[in-house]
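Q: okay, here's the prediction I keep looking at, along with the sequence it came from:
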Protein chains: 2
Amino acid sequence: MPAMNAFYAQSGGVTAVINATACGVIETARKHKAKIANVYAGRNGIIGALTEDMINTNRESARTIAALKNMPGGAFGSARYKLKGIEENRAEYERLIEVFRAHNIGYFFYNGGNDSMDTAHKVSLISKKMGFPVTCLGIPKTVDNDLPITDTCPGFGSVAKYVAVSTREAAMDVASMAKTSTKVFILEVMGRHAGWIAAAGGLAGDKPGDAPHIILFPEVPFKQRAFLKRVRECVQKYDYCVIVVSEGAAYRDGRFLAEAGTRDAFGHAQLGGVAPVVAQMVRDNLGYKYHYAIADYLQRSARHIASATDVKQAYAVGAAAVKFAVAGKSAVMPVIKRVSDKPYRWTIASAPLSRIANKEKMLPKRYITKDGFGITAAARRYLEPLISGEDYPPYVNGLPKYATLKNVSVAPKLQTKFVV
Amino acid sequence: MPAMNAFYAQSGGVTAVINATACGVIETARKHKAKIANVYAGRNGIIGALTEDMINTNRESARTIAALKNMPGGAFGSARYKLKGIEENRAEYERLIEVFRAHNIGYFFYNGGNDSMDTAHKVSLISKKMGFPVTCLGIPKTVDNDLPITDTCPGFGSVAKYVAVSTREAAMDVASMAKTSTKVFILEVMGRHAGWIAAAGGLAGDKPGDAPHIILFPEVPFKQRAFLKRVRECVQKYDYCVIVVSEGAAYRDGRFLAEAGTRDAFGHAQLGGVAPVVAQMVRDNLGYKYHYAIADYLQRSARHIASATDVKQAYAVGAAAVKFAVAGKSAVMPVIKRVSDKPYRWTIASAPLSRIANKEKMLPKRYITKDGFGITAAARRYLEPLISGEDYPPYVNGLPKYATLKNVSVAPKLQTKFVV
């Protein structure tokens, strides 16, 4: 079989290490020229395929591609754009195959979360039906760490490290000022439905009494009375109280503590601003002086404090996806298998997309302490290796020097336009 | 003259490098045993002197003291506690001298901002009047960078670096998702009355069009119409808009965009939450999807991304204060004198506390672009060296390993209690 081209797209929220995965895909593809001629990247993710707006990564030097390993954000643009079910929106899938066919694209690497694994799976099915079978590989990426089967999701380890480090540092600040200033500090972190990121905040403390004193997980229904009681106890005992709250913290009936009321393209409620809600609650009921931080995008773009383990894994899943593809595997996703906790050893295996698509891995109950406010030793055993190691980007003039890509377009071949 | 003891206190908001200053003080004092017997540190700052609750830093090993250089927060506790004017509150000054006399304290090192320089100055005056002259040294510390005379204030360079790095990283995230997601990203930073920290965000961009596209300074009266016009222009031109807003951003009449309504011990309005106000404004008027981050304490405790220049200067002012003191200088503060911009060369000089106390150095007009939304080349020339160089703390298990002090109390000698 003559070499075909590959299409790589980034999907959903970007991470500090998604470009390390792109690096793994492109560098590995370049070693398999007999099978993969060029890697085209979607400008703005899958939209780039639908609108025939692709980037020829062959126009980037080996040095630039290597520098992707250090670069946060999405080097080619990502998209929050979900292809609907095939029956509802056949036109989009057909268009995708039309573009793939026009550009001789035989490989599709889709780098994203649950929704994207579903899409990759569907493309694999429909491409066969349409007589242009495409080798479809999902590549895991999500700071939410909620994909099943894989030990962890690239992107998560770095957010976890950011949150653990920031919690430790801010707690030291608060502790040293508590006598006359802020008593309660609240850090709001991401994690819509799964409390993995919030749990990582728990790593900041080493021994009982260390901050954070309270973690509010989406998995644990919020009870105001128990929460306020604990805050008061902490302030009385330690003079201060540090709280890590997940944006997804919710009441028993499912209402989020803070719901902005808007929804994103995937139909998920857009959250934000739970920290001020919790702060207000503390002030109104206990009268303590508070401060809060909302890490928002800072946490998932913080390449400067990325986990070396995460960077390695992000690269490895990209490289593995290409190896699987050229070996003839399709409709699978590389997964990370944990071999041992300490020292942390892992390998890459493959899992069928059908077993991953649209499934969410929640924080297991045994990772949350009985009182619902902390993490267990088991959680710590799981999380600790994921934030291990530093992988600093190069700096120039005090700032990280991140890659600049040419992002040269592939000349369109179709006469038709497609509006997304 | 036989050796006397020294009293060192941290004051006001702590920084990522205030302990580097403590390190400079203690290590240098240990080299001058003939003049300085012990360095006592105030537990919770000046309150520790008033309540005779002091820490004997002699009980810490050389290794622990050296590790202070890497440690954020305030190692001995800081305080937001302002001594009032001598006439209003003579008792506090007299108590201070009483404690100093009881513990044979002949040197007072006060590590803080404007208010603290005022206190150090007053203590110097009153101690003479009371017949127990104390050598009083101010040591600069403030993330606000608003002390006069000195080229910069230790603590600022590291916040500046944090804000510049975070802005650059978050902007890359937003840029790569703008097609289908967030168009406007807002980062709220500290800086009550002076826009130094907000200005540092401007370093994130290298060339026209780079983020941040808009900086909102406290020095520039906020005009909603001009602001919204610029946001729209940016989104039309670049597809996204990154805004760095100072917590002190205010309307022409002085009203802050967001005033929490509470005041701290110094009588300053406690701010917070300007980002959501700006975000709401954008959504209500332009309808763009937004996200915002509030860096809050994360920015000033982020030792993990401290500026190497800042760490060096923080240490140097501590060391210089001790050298000035043993050379007989009093009522002065070590200041940083810039010798050249590029390469950045600086020396330490001394300036009288009377010229520093209660004066605020605002961002000069020539540092702000004509449109009021950006920084000039002159600002860049000033700011760039201050964030230069990285000074990473040691890591264990993926987290920075920060010093643990014994903080052993000095046995009280007075029978009297003093309530603050």
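A: That came through fine.
Q: and the strands in the stretch 201-350 of chain A?
A: A:214-216, A:241-246, A:259-263, A:269-271, A:290-294, A:332-340, A:345-352 (DSSP state E, counting those that start in this stretch).
Q: most tightly packed of these?
A: Among the strands of the stretch 201-350 of chain A, strand A:241-246 has the highest mean neighbour count (mean count of other C-beta atoms under 10 Å in any protein chain shown), at a mean of 30. C-beta: built from backbone N, CA, C; applies to glycine.
Q: reformat the strands of the stretch 201-350 of chain A as TSV; add distance to B:Ala34.
A: Shown next, in TSV, are the strands of the stretch 201-350 of chain A (distance: least, C-beta to C-beta, whole Å):
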stretch	distance to B:Ala34
strand A:214-216	51
strand A:241-246	44
strand A:259-263	64
strand A:269-271	62
strand A:290-294	44
strand A:332-340	57
strand A:345-352	57
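Q: Throw those into TSV and include distance to chain B and mean pLDDT, thanks.
A: Listed next are these as TSV, based on distance: least, C-beta to the nearest C-beta, whole Å; pLDDT from 0 to 100:
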stretch	distance to chain B	mean pLDDT
strand A:214-216	16	98
strand A:241-246	10	98
strand A:259-263	8	51
strand A:269-271	8	50
strand A:290-294	4	96
strand A:332-340	16	98
strand A:345-352	15	98
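Q: between those, which one is nearest to A:Glu390?
A: strand A:345-352 (18.5 Å; C-beta to C-beta).
Q: can you list contacts of the very next helix or strand once past the closest one?
A: As assigned by DSSP states H and E, the chain's next helix or strand after strand A:345-352 is helix A:377-383. For helix A:377-383, contacts defined as C-beta atoms under 8 Å, 6 or more residues apart in numbering or on different chains pick out A:160, A:199-200, A:202-203, A:341-342, A:363, A:366-368, A:375.
Q: in helix A:377-383, what's buried?
A: A:379-380, A:382-383 (16 or more other C-beta atoms under 10 Å in any protein chain shown).
Q: and for stretch A:384-395?
A: Neighbour count says stretch A:384-395 has A:384-391, A:393, A:395 buried, by 16+ other C-beta under 10 Å.
Q: possible to save those as a markdown table with secondary structure?
A: What follows is the buried residues of stretch A:384-395, written out as a markdown table (DSSP: H, G, I helix; E, B strand; the rest coil):
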| residue | secondary structure |
| --- | --- |
| A:Glu384 | helix |
| A:Pro385 | helix |
| A:Leu386 | helix |
| A:Ile387 | helix |
| A:Ser388 | coil |
| A:Gly389 | coil |
| A:Glu390 | strand |
| A:Asp391 | coil |
| A:Pro393 | coil |
| A:Tyr395 | strand |
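Q: ok, so of these, who is nearest B:Asp173?
A: Distances from B:Asp173 to these, taken by C-beta to C-beta, are shortest for A:Pro393, at 14.7 Å.
Q: show me what contacts the closest one?
A: Here A:Pro393 is in contact with A:70-71, A:303-304, A:400-402 (C-beta under 8 Å, 6+ apart).
Q: of these, which is the most crowded?
A: A:Arg303 (29 neighbours; other C-beta atoms under 10 Å in any protein chain shown).
Q: for it, which non-adjacent residue is closest in space?
A: A:Pro72 (3.8 Å; C-beta to C-beta, 6 or more residues apart in numbering or on different chains).
Q: helix or strand: which one has that neighbour?
A: Applying DSSP H and E, one finds A:Pro72 in no helix or strand.
Q: can you get me a residue count around it?
A: By other C-beta under 10 Å, neighbour count at A:Pro72 equals 30.
Q: my understanding was that it contacts A:Gln299; is that so?
A: No. Look at A:Pro72 against A:Gln299 with C-beta atoms under 8 Å: they stay out of range, at 11.0 Å.
Q: what do these two both touch?
A: Between them, A:Pro72 and A:Gln299 share no contacting residue, judged by C-beta under 8 Å, 6+ apart.
Q: how about the residues of the stretch 51-200 of chain A that lie near chain B?
A: A:71-81, A:161, A:164-166, A:168-170, A:172-177, A:179-182, A:185, A:187 (C-beta under 8 Å from any C-beta of the partner chain).
Q: let's see 7 Å
A: By C-beta under 7 Å from any C-beta of the partner chain, the part of the stretch 51-200 of chain A that sits against chain B consists of A:72-74, A:77-81, A:161, A:164-166, A:168-170, A:172-177, A:179-181, A:185.
Q: now, which of the residues you listed lie within helices?
A: Those of these mapping onto helices are A:161, A:164-166, A:168-170, A:172-177, per DSSP state H.
Q: ok, and the most crowded of those?
A: Counting by other C-beta under 10 Å, top hit in these: A:Lys161 with 32 neighbours.
Q: for that one, give its distance to A:Ala16.
A: 9 Å (C-beta to C-beta, to the nearest Å).
Q: one more: A:Cys153?
A: 13 Å.
Q: quick one, which of those two is more surrounded?
A: A:Ala16 (35 against 27).
Q: shouldn't the more buried one be in contact with A:Gln299?
A: No. The pair A:Ala16 / A:Gln299 is not scored as a contact, 8.8 Å apart, by C-beta atoms under 7 Å.
Q: shared neighbours of these two, which are they?
A: Counting by C-beta atoms under 7 Å, 6 or more residues apart in numbering or on different chains, A:Ala16 and A:Gln299 have no common neighbour.
Q: give me the domain ranges for chain A.
A: When chain A is parsed with automatic domain parsing, its domains come out as A:4-141+A:305-357+A:392-400, A:156-303.
Q: list the contacts of the residue sitting furthest away from the middle of chain A.
A: Using C-alpha atoms, centre = their mean, the residue of chain A lying farthest from its centre is A:Thr180. It sits 38.8 Å away. By C-beta under 7 Å, 6+ apart, A:Thr180 lies in contact with B:44, B:79-81, B:265.
Q: avg pLDDT for stretch A:32-40?
A: Stretch A:32-40 carries an average pLDDT of 98.
Q: contact partners of that stretch?
A: Contacts of stretch A:32-40 (C-beta under 7 Å, 6+ apart): A:3-8, A:25-26, A:29, A:54-58, A:103, A:105, A:107, A:322, A:326, A:410.
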